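Participant: Provided below for reference: sequence and predicted model.
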Amino acid sequence: MPHKEGHWGYKTRKKIVKGFKMGGAAYKGLFTGKNPVKSALKVEKKIDTEEKFKKSNKEKTAKGKPPTKAQLIAQKRIASGKTIAEVKAANKKKMQDNAKKRNEQFKKTGKSTIEQRRAAAKKKMQDAARKRNEAFKKKRAKK
């Protein structure tokens with residue numbers, strides 16, 4: 001039984017039906033819940049969203065919005081004349097060098113450097129909390 005006008009989805013289905021050539025059975029299927037062109041509707045929806053996305057991206061770049069952090073990093077890399085592979089290789093070498101230093105220190109002391117880093121981070125957080133607390137006390141004393 002066809003849906004009445006004003007029912008949810010009626011106008012959407014009507015628009016979609018206009019875009020497709022189909023016989024009576026397929027047309028009836030749209031309104032009975034047994035939808036033979038459901039996949040076609042998904043494709044149509046996907047195309048619409050892709051077009052909107054492309055359009056919105058063009059508008060954003062046309063408005064002159066500031067570049068993202070990743071875009072800035074890429075611009076710096078390109079300006080320096082390095083390829084992505086070169087940057088990755090440099091990062092890998094730096095990580096390996098740092099790991100060698102930590103390993104040598106571990107061999108000397110028998111202790112992991114992670115404990116020292118955690119302790120330093122904890123001390124830094126505590127100092128910041130003390131500073132905030134002092135500022136709060138001064139602000140409250142003024143009132």
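Facilitator: That came through, no problem. Numbers count the residues shown, from 1 in each chain.

Participant: Which of the helices and strands in the protein ranks last by mean pLDDT?
Facilitator: Across the helices and strands of the chain, mean pLDDT, DSSP states H and E gives its lowest value to helix 24-32, namely a mean of 52.

Participant: quick one: average pLDDT of whichever helix or strand K124 is part of?
Facilitator: Assigning secondary structure by DSSP states H and E places K124 in helix 113-142. Across helix 113-142, pLDDT averages out at 92.

Participant: How about stretch 69-77?
Facilitator: 92.

Participant: tell me which residues of that stretch are tucked away?
Facilitator: The neighbour-count check on stretch 69-77 (16 or more other C-beta atoms under 10 Å) flags nothing as buried. Bear in mind the C-beta positions are built from the backbone N, C-alpha and C, glycine included.

Participant: Pull that stretch out as PDB, backbone CA atoms only.
Facilitator: Extracted as PDB, the C-alpha positions of stretch 69-77 are listed here (Å, rounded to 0.1, in the frame of the first residue of the first chain):
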ATOM      1  CA  LYS A  69      49.300  21.800  11.500                       C
ATOM      2  CA  ALA A  70      50.000  18.900   9.100                       C
ATOM      3  CA  GLN A  71      49.900  21.300   6.200                       C
ATOM      4  CA  LEU A  72      52.400  23.600   7.800                       C
ATOM      5  CA  ILE A  73      54.800  20.700   8.500                       C
ATOM      6  CA  ALA A  74      54.500  19.600   4.900                       C
ATOM      7  CA  GLN A  75      55.200  23.100   3.700                       C
ATOM      8  CA  LYS A  76      58.300  23.300   5.800                       C
ATOM      9  CA  ARG A  77      59.500  19.900   4.600                       C
END
